[in-house]
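Student: Structure for this input, please:
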Amino acid sequence: MDNYGTILLVEDDVSLAQWVAEYLTEQGYTTHVCHRGDEVVSQVKTLNPNIVLLDIMLPGQDGISVCRELRSFYNSPIIMLTARDEEMDEVIGLEVGASDYIMKPVRPRALLARIKAALRQNNESNTPHVNESVIQVGSLSIDTESRNVKLNEQDINISSAEYLLLHYLASNAGQVVSRDAVFKATKGREYDGLDRSVDVLISALRKKFNDDPQNPEKIKTIWGRGYLLVSTAW
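Tutor: Numbering: from 1, shown residues only. Here you go, the predicted structure:
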(Lines give C-alpha, C1' and ligand atoms only; values in the text may rest on other atoms or scores of the structure.)
Protein backbone atom coordinates (compact mmCIF):
# COMPACT_ATOMS: atom_id res chain seq x y z
CA MET A 1 0.00 0.00 0.00
CA ASP A 2 1.19 3.51 -0.82
CA ASN A 3 2.28 5.71 2.07
CA TYR A 4 0.69 9.13 1.80
CA GLY A 5 2.46 10.60 4.82
CA THR A 6 2.76 10.49 8.58
CA ILE A 7 -0.02 11.61 10.91
CA LEU A 8 0.20 12.26 14.64
CA LEU A 9 -3.25 11.81 16.21
CA VAL A 10 -3.58 13.39 19.64
CA GLU A 11 -6.75 12.11 21.31
CA ASP A 12 -7.36 11.01 24.91
CA ASP A 13 -10.40 8.88 24.06
CA VAL A 14 -8.60 5.56 23.58
CA SER A 15 -11.36 3.79 21.65
CA LEU A 16 -11.91 6.79 19.33
CA ALA A 17 -8.17 7.14 18.76
CA GLN A 18 -7.91 3.45 17.93
CA TRP A 19 -10.56 3.35 15.23
CA VAL A 20 -9.46 6.65 13.69
CA ALA A 21 -5.86 5.43 13.58
CA GLU A 22 -6.95 2.12 12.04
CA TYR A 23 -9.03 3.93 9.42
CA LEU A 24 -6.21 6.32 8.47
CA THR A 25 -3.75 3.43 8.31
CA GLU A 26 -6.10 1.63 5.94
CA GLN A 27 -6.13 4.77 3.78
CA GLY A 28 -2.36 4.66 3.41
CA TYR A 29 -1.10 6.94 6.20
CA THR A 30 1.47 6.04 8.83
CA THR A 31 -0.44 6.96 11.98
CA HIS A 32 0.95 7.50 15.47
CA VAL A 33 -1.25 8.09 18.50
CA CYS A 34 -0.61 10.28 21.54
CA HIS A 35 -3.08 10.50 24.45
CA ARG A 36 -1.63 13.39 26.49
CA GLY A 37 -1.16 17.03 25.62
CA ASP A 38 2.11 17.36 27.51
CA GLU A 39 3.71 14.67 25.32
CA VAL A 40 2.86 16.21 21.94
CA VAL A 41 5.82 18.56 21.46
CA SER A 42 8.40 15.82 22.01
CA GLN A 43 6.43 13.47 19.73
CA VAL A 44 6.33 16.06 16.95
CA LYS A 45 10.04 16.75 17.26
CA THR A 46 10.77 13.02 17.09
CA LEU A 47 8.34 12.03 14.32
CA ASN A 48 8.16 15.27 12.28
CA PRO A 49 4.71 14.27 11.00
CA ASN A 50 3.17 15.69 7.84
CA ILE A 51 0.07 16.68 9.81
CA VAL A 52 -1.15 16.77 13.41
CA LEU A 53 -4.74 15.99 14.42
CA LEU A 54 -5.09 17.69 17.79
CA ASP A 55 -7.97 17.35 20.24
CA ILE A 56 -8.72 20.45 22.32
CA MET A 57 -9.62 18.75 25.60
CA LEU A 58 -6.55 16.77 26.70
CA PRO A 59 -4.96 15.70 29.99
CA GLY A 60 -1.62 17.26 30.89
CA GLN A 61 -1.92 20.24 28.56
CA ASP A 62 -4.88 21.51 26.56
CA GLY A 63 -4.86 21.50 22.76
CA ILE A 64 -4.93 25.28 22.41
CA SER A 65 -1.71 25.77 24.35
CA VAL A 66 -0.15 22.77 22.58
CA CYS A 67 -0.98 24.32 19.20
CA ARG A 68 0.53 27.64 20.25
CA GLU A 69 3.72 25.90 21.38
CA LEU A 70 3.95 23.80 18.21
CA ARG A 71 3.71 26.86 16.00
CA SER A 72 7.03 28.14 17.38
CA PHE A 73 8.79 25.48 15.28
CA TYR A 74 6.27 23.34 13.36
CA ASN A 75 4.95 24.68 10.03
CA SER A 76 2.91 21.75 8.73
CA PRO A 77 -0.89 21.53 9.06
CA ILE A 78 -2.62 21.21 12.43
CA ILE A 79 -6.30 20.23 12.41
CA MET A 80 -8.09 20.79 15.71
CA LEU A 81 -10.73 18.31 16.91
CA THR A 82 -13.42 19.63 19.20
CA ALA A 83 -16.56 18.12 20.68
CA ARG A 84 -17.98 21.46 21.75
CA ASP A 85 -19.93 23.52 19.24
CA GLU A 86 -18.53 26.75 20.58
CA GLU A 87 -17.27 29.47 18.26
CA MET A 88 -14.71 30.55 20.88
CA ASP A 89 -12.88 27.24 20.45
CA GLU A 90 -12.73 27.86 16.70
CA VAL A 91 -11.60 31.48 17.14
CA ILE A 92 -8.83 30.67 19.61
CA GLY A 93 -7.70 27.60 17.69
CA LEU A 94 -7.37 29.51 14.43
CA GLU A 95 -5.73 32.47 16.16
CA VAL A 96 -2.98 30.30 17.68
CA GLY A 97 -2.20 28.75 14.31
CA ALA A 98 -4.55 25.84 13.60
CA SER A 99 -4.93 25.20 9.88
CA ASP A 100 -8.48 23.91 10.18
CA TYR A 101 -10.87 22.31 12.65
CA ILE A 102 -13.43 19.54 12.59
CA MET A 103 -16.30 18.88 14.95
CA LYS A 104 -16.90 15.62 16.77
CA PRO A 105 -18.36 13.10 16.32
CA VAL A 106 -15.76 12.52 13.64
CA ARG A 107 -17.04 11.33 10.28
CA PRO A 108 -14.29 9.26 8.62
CA ARG A 109 -14.72 10.49 5.05
CA ALA A 110 -15.02 14.10 6.15
CA LEU A 111 -11.87 13.80 8.25
CA LEU A 112 -9.99 12.18 5.36
CA ALA A 113 -11.11 14.96 3.01
CA ARG A 114 -9.88 17.61 5.44
CA ILE A 115 -6.52 15.85 5.80
CA LYS A 116 -6.02 15.56 2.06
CA ALA A 117 -7.01 19.20 1.51
CA ALA A 118 -4.70 20.48 4.26
CA LEU A 119 -1.75 18.48 2.94
CA ARG A 120 -2.42 19.57 -0.64
CA GLN A 121 -2.69 23.22 0.40
CA ASN A 122 0.49 22.97 2.45
CA ASN A 123 2.39 21.48 -0.50
CA GLU A 124 1.17 24.25 -2.80
CA SER A 125 2.09 26.94 -0.27
CA ASN A 126 5.61 25.55 0.04
CA THR A 127 6.18 25.31 -3.72
CA PRO A 128 8.64 28.01 -4.85
CA HIS A 129 7.11 30.61 -7.15
CA VAL A 130 8.87 32.67 -9.76
CA ASN A 131 8.77 36.46 -9.50
CA GLU A 132 7.84 36.66 -5.84
CA SER A 133 6.65 40.16 -5.08
CA VAL A 134 4.95 42.44 -2.62
CA ILE A 135 1.19 42.89 -2.84
CA GLN A 136 0.39 46.54 -2.12
CA VAL A 137 -3.16 47.73 -1.47
CA GLY A 138 -3.04 51.31 -0.25
CA SER A 139 -1.06 51.24 3.00
CA LEU A 140 -1.42 47.45 3.27
CA SER A 141 1.73 45.60 2.27
CA ILE A 142 2.05 41.81 1.96
CA ASP A 143 5.49 40.35 1.30
CA THR A 144 4.69 37.04 -0.39
CA GLU A 145 8.17 35.63 0.20
CA SER A 146 8.61 36.36 3.91
CA ARG A 147 4.84 36.44 4.59
CA ASN A 148 5.37 39.69 6.42
CA VAL A 149 2.27 41.90 6.62
CA LYS A 150 2.40 45.63 7.29
CA LEU A 151 -0.20 48.37 7.59
CA ASN A 152 1.09 51.94 7.57
CA GLU A 153 4.62 50.48 7.85
CA GLN A 154 3.68 48.74 11.11
CA ASP A 155 4.10 44.95 11.34
CA ILE A 156 0.85 43.02 11.79
CA ASN A 157 1.16 39.67 13.53
CA ILE A 158 -1.16 37.16 11.84
CA SER A 159 -1.44 33.38 11.85
CA SER A 160 -0.74 31.22 8.80
CA ALA A 161 -4.47 30.67 8.22
CA GLU A 162 -5.13 34.42 8.44
CA TYR A 163 -2.27 35.06 6.03
CA LEU A 164 -3.65 32.69 3.39
CA LEU A 165 -7.05 34.37 3.54
CA LEU A 166 -5.66 37.90 3.51
CA HIS A 167 -3.32 37.05 0.63
CA TYR A 168 -6.20 35.72 -1.46
CA LEU A 169 -8.47 38.67 -0.70
CA ALA A 170 -5.70 41.19 -1.40
CA SER A 171 -4.80 39.40 -4.64
CA ASN A 172 -8.41 40.01 -5.68
CA ALA A 173 -8.77 43.47 -4.12
CA GLY A 174 -11.81 45.32 -5.43
CA GLN A 175 -13.52 42.10 -6.54
CA VAL A 176 -16.15 40.06 -4.73
CA VAL A 177 -14.90 36.51 -4.22
CA SER A 178 -17.33 33.71 -3.43
CA ARG A 179 -17.18 31.66 -0.26
CA ASP A 180 -16.51 28.53 -2.31
CA ALA A 181 -13.61 30.22 -4.15
CA VAL A 182 -12.12 31.28 -0.82
CA PHE A 183 -12.32 27.73 0.54
CA LYS A 184 -10.71 26.27 -2.57
CA ALA A 185 -7.90 28.84 -2.51
CA THR A 186 -7.13 28.78 1.22
CA LYS A 187 -8.13 25.27 2.30
CA GLY A 188 -7.93 23.26 -0.91
CA ARG A 189 -11.52 22.06 -0.67
CA GLU A 190 -15.07 23.15 -1.42
CA TYR A 191 -17.30 24.83 1.13
CA ASP A 192 -19.44 22.19 2.85
CA GLY A 193 -22.27 24.52 3.82
CA LEU A 194 -21.52 24.35 7.55
CA ASP A 195 -17.88 25.35 8.12
CA ARG A 196 -17.59 28.77 9.83
CA SER A 197 -13.81 29.00 9.84
CA VAL A 198 -13.58 31.65 7.11
CA ASP A 199 -16.07 33.86 8.98
CA VAL A 200 -13.98 33.40 12.11
CA LEU A 201 -10.83 34.40 10.23
CA ILE A 202 -12.56 37.40 8.66
CA SER A 203 -13.55 38.58 12.14
CA ALA A 204 -9.99 38.10 13.38
CA LEU A 205 -8.55 40.10 10.47
CA ARG A 206 -11.02 42.92 11.01
CA LYS A 207 -9.98 43.08 14.64
CA LYS A 208 -6.28 43.25 13.78
CA PHE A 209 -6.85 45.96 11.16
CA ASN A 210 -9.22 47.99 13.38
CA ASP A 211 -12.10 47.44 10.96
CA ASP A 212 -15.45 48.01 12.69
CA PRO A 213 -17.17 44.59 12.78
CA GLN A 214 -20.62 46.23 12.76
CA ASN A 215 -19.82 48.43 9.76
CA PRO A 216 -16.60 47.16 8.16
CA GLU A 217 -14.93 49.30 5.52
CA LYS A 218 -11.81 47.29 4.70
CA ILE A 219 -13.13 43.71 4.47
CA LYS A 220 -16.81 43.43 3.67
CA THR A 221 -19.15 40.46 3.68
CA ILE A 222 -21.41 40.74 0.63
CA TRP A 223 -24.44 38.71 1.62
CA GLY A 224 -25.30 36.00 -0.86
CA ARG A 225 -22.15 36.62 -2.90
CA GLY A 226 -19.01 36.38 -0.77
CA TYR A 227 -16.28 38.70 0.49
CA LEU A 228 -14.68 41.91 -0.70
CA LEU A 229 -11.39 43.53 0.27
CA VAL A 230 -12.09 47.17 -0.54
CA SER A 231 -9.05 48.47 -2.41
CA THR A 232 -9.76 52.13 -1.61
CA ALA A 233 -10.18 51.65 2.19
CA TRP A 234 -6.55 50.98 3.08
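Student: Near residue 134, how many other residues are there?
Tutor: Residue 134: 12 surrounding residues under other Cβ atoms under 10 Å. The way it works is simple: take the backbone N, C-alpha and C, and place the C-beta from them, glycine included.
Student: outside of stretch 145-158, which residues touch it?
Tutor: Surrounding stretch 145-158, the residues in contact under the criterion Cβ atoms under 8 Å, 6 or more residues apart in numbering are 132, 139-143, 160, 163, 166, 205, 208-209, 234.
Student: For it, buried residues please.
Tutor: Across stretch 145-158, burial judged by 16 or more other Cβ atoms under 10 Å covers 149, 151, 156, 158.
Student: Equivalent analysis for stretch 173-185, please.
Tutor: Neighbour-count burial for stretch 173-185, counted by 16+ other Cβ under 10 Å, picks out 173, 177, 179, 181, 182, 183, 184, 185.
Student: Closest one of those residues to residue 19?
Tutor: Nearest to residue 19 among the buried residues of stretch 173-185, counting by Cβ to Cβ, is residue 183 at 27.8 Å.
Student: can I assume the closest one sits in a strand?
Tutor: No: if the criterion is DSSP: H, G, I helix; E, B strand; the rest coil, then residue 183 is helix and not within a strand.
Student: Run a quick check on it versus residue 190, I expect a contact.
Tutor: Yes: contact status for residue 183 versus residue 190: in contact at 6.0 Å, counting by Cβ atoms under 8 Å.
Student: Could you pull up the mean pLDDT of stretch 73-83?
Tutor: Mean pLDDT, stretch 73-83: 87.
Student: ok now it, how far from the chain's centre?
Tutor: What separates the centre of stretch 73-83 from the centre of its chain is 8 Å, taken as Cα atoms, centre = their mean, to the nearest Å.
Student: gap between the two ends of it?
Tutor: Between the opening and closing residues of stretch 73-83 there is a gap of 27 Å (Cα to Cα, to the nearest Å).
Student: next one: stretch 218-225
Tutor: Distances were taken as Cα to Cα; on that basis the terminal residues of stretch 218-225 are 17 Å apart.
Student: dump the residue contacts of residue 25.
Tutor: With contact set as Cβ under 8 Å, 6+ apart, residue 25 has these partners: residue 31.
Student: quick one: it from residue 75, how far?
Tutor: Spatial separation of residue 25 from residue 75 under the definition Cβ to Cβ, to the nearest Å is 25 Å.
Student: for the chain, what are the low-confidence residue spans?
Tutor: Confidence mapping of the chain against pLDDT under 70 gives the ranges 1-2, 84-91, 124-132.
Student: Give me the distance between the residue positioned nearest the centre of it and residue 165.
Tutor: Nearest to the mean C-alpha position of the chain, counting by Cα atoms, centre = their mean, stands residue 99 at 1.9 Å. Using Cβ to Cβ, residue 99 is found at 12 Å from residue 165.
Student: Please consider this matter closed, and thank you.
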